[in-house]
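K.L.:
need a structure here:
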Amino acid sequence: MAVVAVVVGALLASGCSAVGDDADARSTPSAEADAADDSYLPPTPVPVTPSPTTQPDPGPDPLLRAAYPELGYQSFITRFGPRTVIASDAVVGLDRDGEEVWQVPVPAGKRDDAEVARVGRVVTLTYDIEGQAWPGLERLTVIDGRSGEVLWRDETASFVSSTDEALFTSVCTGEQESTLGDCTLSSRDPRTGDVLWSQPTYASSSVEDDEDGLVLVHSYPEGNPGVVQVHDLATGEPVSTTVDARGYVALAGRALVSSGPGDDVDRDGCRQAAFAVDFAGDRLWRRVLRVGRDTLDPGECFEMYVEAGDDGLVTLSWYEGVPTVVDAATGETVWRGERGERTPVVSRRTIVAVQAQGGFAQGVRVVTPRGGDVRWTAPEGTGDLWLVDDDRLIAADVNCYDPCKTVVFAADDGRRVAVYDGYYAGHGPGWLATVAEPGFQEVDYAVYPTRSR
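P.N.:
Numbers count the residues shown, from 1 in each chain. Predicted coordinates:
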């Protein structure tokens with residue numbers, strides 16, 4: 001699964017009560033955890049050790065620089081060996097010197113909604129075909145990442161989805177009658193387009209998450225909120241029951257963790273249930289958390305978010321709330337953050353907590369979950385971040401109003417390794433890309449080698 005896991009759909013276990021008695025010993029964590037849930041106040045701040053403030057290395061010279069218009073709102077850049085691929089008014093391949101060696105054009109009328117993704121050793125370009133009845137058709141073009149050769153095309157699918165290494169198409173009949181077979185989801189060989197397996201699904205099916213050889217499929221038998229089901233990535237066979245999708249849901253280990261519909265608990269008191277079910281649909285645990293009241297609409301409460309981490313952990317939180325990291329199998333609290341933090345990186349070894357106010361990042365701290373020790377903190381003004389170079393480095397946007405810099409920290413102790421101009425734009429084994437915006441017509445891309453010291 002990706003380091004920063006994607007939050008997908010939402011769920012309410014079929015055949016299971018969404019709201020149970022808190023005294024239900026089978027599904028309620030410890031009394032200590034319940035007390036913490038009920039108070040839902042930020043913990044006492046832990047003394048922190050700032051990251052070293054020695055002047056960072058300005059960083060190595062870039063491997064290449066290139067200026068191109070963005071594709072809609074997507075700054076896409078990746079590398080295949082010495083070849084750099086950028087998405088612009090075409091998908092273009094650049095050599096070591098930044099010279100264009102191939103391109104696959106994007107139709108002018110599709111540049112605002114076209115999507116480009118990397119899947120293994122290929123790049124996919126997808127956009128809607130005009131004039132199609134619901135649910136529409138997608139034009140999929142699959143490109144060899146090194147040579148720029150168009151390997152295959154497809155215009156039969158209504159939905160195209162992918163993970164880092166797998167590609168899926170969903171061919172639909174145009175019916176939405178709560179019938180398996182309203183769409184057929186297929187796993188495709190990214191290089192040849194060959195169908196590896198196919199499974200009948202309900203309408204509008206797509207893959208929304210993957211973990212440890214499993215994929216989470218979201219479909220819509222009768223419209224929103226739809227249903228989710230876990231399938232085996234290798235064979236396509238369903239391995240879980242189909243469950244109703246409500247609230248937010250995350251696939252973590254062998255559990256599906258959901259926030260459920262908030263109004264089934266206590267909308268007046270802004271209390272909302274989070275629960276998990278196993279693949280048979282049986283409830284593993286249930287907790288009730290207090291969430292915040294919407295400051296723009298005091299009659300409403302914020303919805304609880306559920307985000308999957310690594311190692312069978314999930315984060316429960318709400319907008320500018322207190323993140324609580326729990327074990328997906330048991331519901332036990334592993335770590336609780338401070339108000340306004342979000343957790344883009346969660347594992348049993350490391351939690352990265354980003355302080356955000358008004359939706360803007362203010363700083364970063366790196367925590368060891370066991371004991372809650374803060375290993376290091378990044379300075380104020382440090383924003384979003386990404387683990388790079390086999391998780392040994394952290395790249396973060398810093399002071400993005402003056403102008404933005406990408407600062408690289410050592411993940412273990414917070415040493416500042418390098419600083420580059422521009423926003424972080426992507427990374428891969430041994431490289432990191434930034435993008436600067438000198439004007440409205442084009443942006444400047446730069447690719448740098450990364451290293452751990």
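
K.L.:
flag the shaky bits of the stretch 201-350 of the chain, pLDDT-wise.
P.N.:
Counting by pLDDT under 70, the stretch 201-350 of the chain contains low-confidence ranges at 261-268.

K.L.:
if you set the cut-off to 50 instead, what comes out?
P.N.:
262-263 (pLDDT under 50).

K.L.:
all helices for it, in order.
P.N.:
Ranges of helices in the stretch 201-350 of the chain, per DSSP state H, counting those that start in this stretch: none exist.

K.L.:
could you point out which element follows the strand or helix carrying Leu385?
P.N.:
Assessed by DSSP states H and E, Leu385 sits inside strand 382-388. Moving toward the C-terminus from strand 382-388, the next helix or strand (DSSP H and E) is strand 393-398.

K.L.:
contacts for that following strand, please.
P.N.:
352, 361, 364, 366, 378-379, 381-388, 404-411, 417, 419, 423-424, 427, 432, 450, 452 (CB atoms under 8 Å, 6 or more residues apart in numbering). All C-beta atoms are positioned from the backbone trio N, CA, C, and that covers glycine.

K.L.:
got it, and stretch 62-79?
P.N.:
The set of residues external to stretch 62-79 that reach it, using CB under 8 Å, 6+ apart, is 84-89, 92, 94, 96-98, 106, 111-116, 118, 123, 145, 423, 425-426, 428, 431, 433, 435, 441-449.

K.L.:
quick one, strands of the stretch 201-350 of the chain?
P.N.:
206-211, 214-219, 227-232, 243-244, 249-252, 255-258, 271-278, 283-290, 305-308, 313-317, 324-327, 333-336, 341-346 (DSSP state E, counting those that start in this stretch).

K.L.:
how about JSON lines for those strands, with mean neighbour count and distance to Gly131 added?
P.N.:
Formatted as JSON lines, those follow (neighbours: other CB atoms under 10 Å; distance: least, CB to CB, whole Å):
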{"stretch": "strand 206-211", "mean neighbour count": "22", "distance to Gly131": "22"}
{"stretch": "strand 214-219", "mean neighbour count": "24", "distance to Gly131": "25"}
{"stretch": "strand 227-232", "mean neighbour count": "22", "distance to Gly131": "30"}
{"stretch": "strand 243-244", "mean neighbour count": "22", "distance to Gly131": "34"}
{"stretch": "strand 249-252", "mean neighbour count": "29", "distance to Gly131": "34"}
{"stretch": "strand 255-258", "mean neighbour count": "28", "distance to Gly131": "38"}
{"stretch": "strand 271-278", "mean neighbour count": "24", "distance to Gly131": "42"}
{"stretch": "strand 283-290", "mean neighbour count": "21", "distance to Gly131": "46"}
{"stretch": "strand 305-308", "mean neighbour count": "25", "distance to Gly131": "38"}
{"stretch": "strand 313-317", "mean neighbour count": "27", "distance to Gly131": "42"}
{"stretch": "strand 324-327", "mean neighbour count": "24", "distance to Gly131": "48"}
{"stretch": "strand 333-336", "mean neighbour count": "20", "distance to Gly131": "51"}
{"stretch": "strand 341-346", "mean neighbour count": "23", "distance to Gly131": "40"}
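
K.L.:
of all those, which lies closest to Arg191?
P.N.:
Among these, strand 206-211 comes nearest to Arg191, with 18.5 Å by CB to CB.

K.L.:
give me the sheet partners of that closest one and which way each runs.
P.N.:
strand 214-219 (antiparallel) (DSSP bridges).

K.L.:
okay, the angle between the partner strand and strand 227-232?
P.N.:
Per axes from the mean of the first three to the mean of the last three CA atoms, to 10 degrees, the angle that strand 214-219 makes with strand 227-232 is 150 degrees.

K.L.:
and the gap between Leu180 and Thr173?
P.N.:
11 Å (CB to CB, to the nearest Å).

K.L.:
touching, Gly223 and Glu177? I think so.
P.N.:
No - the criterion here is CB atoms under 8 Å, and Gly223 misses it with Glu177 at 11.5 Å.
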